[in-house]
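Student: pasting the structure only:
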């Protein structure tokens, strides 16, 4: 039972480089989310997808794009990485609003 | 935007002690989540509740909707309970996703 799988677990980027964080869930969940976790702050929502084919901005979407490739997969892309995007990124999924949330193991990203 | 406050921010206790972590929020919610995060690890859901009380093993979560307050209790605490405990709320309105507290860093000493 894999749950929510994120790749990679660690990444170092140079300023201006691009990369895509991958997330897949095997629970047939409808909703998927990308959050970032910074020291001294609660997790913040970057983007979410309430269902296959839809995506919406969260609290901190600037500098990111997302793709809901299919029901299982939800990717997060940084087109031109900046040091301010150094963070730990978590993907999560749920059946829908007000249901239990399942989280991936996180991706620790450092932009130098 | 909902404001989620947790207290205490840090808590160190001895093995066997009864632990209480508090969470308050500013706007009415549809559900409240308690999550656990071990150092360097992922985030695991402990409870989701919208009223009353839930119990799982040595963990108990309560919520008072009128007072906009929830507590997480750990009975007979053990060093393996050492982790960050995070409170998160789902809004009752149109926005999706959760709003998180900053977490409570718990250390249980043997």
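Tutor: Arrived safely, thanks for sending. From a predicted model like this one, the values you see are computed outputs, not experimental measurements.

Student: how about the residues of chain A near chain B?
Tutor: Contacts of chain A with chain B, taken as CB under 8 Å from any CB of the partner chain, map to A:31, A:33, A:35, A:40-45, A:48, A:50, A:56, A:58, A:90, A:92, A:97-106. Just so you know, the C-beta spots here come from the backbone N, C-alpha and C atoms, and that holds for glycine as well.

Student: Please enumerate the strands of the chain.
Tutor: Reading this off chain A. Listed in chain order, the strands of chain A (DSSP state E) span residues A:4-7, A:10-13, A:19-25, A:31-37, A:44-49, A:56-57, A:64-68, A:74-78, A:87-94, A:102-103, A:107-111.

Student: meant chain B, my bad for not saying
Tutor: With DSSP E as the criterion, chain B has strands spanning B:4-7, B:10-14, B:19-25, B:29-37, B:43-49, B:52-56, B:59-64, B:69-74, B:83-91, B:98-100, B:104-109.

Student: May I see the ones you listed arranged in CSV, with mean pLDDT, distance to residue A:65 and mean neighbour count as well?
Tutor: What follows is those, written out as CSV (pLDDT from 0 to 100; distance: least, CB to CB, whole Å; neighbours: other CB atoms under 10 Å in any protein chain shown):
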stretch, mean pLDDT, distance to residue A:65, mean neighbour count
strand B:4-7, 97, 28, 18
strand B:10-14, 98, 37, 13
strand B:19-25, 97, 31, 19
strand B:29-37, 93, 27, 21
strand B:43-49, 95, 24, 19
strand B:52-56, 96, 38, 12
strand B:59-64, 97, 36, 18
strand B:69-74, 98, 35, 20
strand B:83-91, 93, 24, 23
strand B:98-100, 93, 21, 25
strand B:104-109, 98, 33, 17
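
Student: can you redo these as CSV with distance to residue A:26?
Tutor: Formatted as CSV, those follow (distance: least, CB to CB, whole Å):
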stretch, distance to residue A:26
strand B:4-7, 30
strand B:10-14, 36
strand B:19-25, 31
strand B:29-37, 21
strand B:43-49, 17
strand B:52-56, 24
strand B:59-64, 27
strand B:69-74, 29
strand B:83-91, 23
strand B:98-100, 21
strand B:104-109, 31
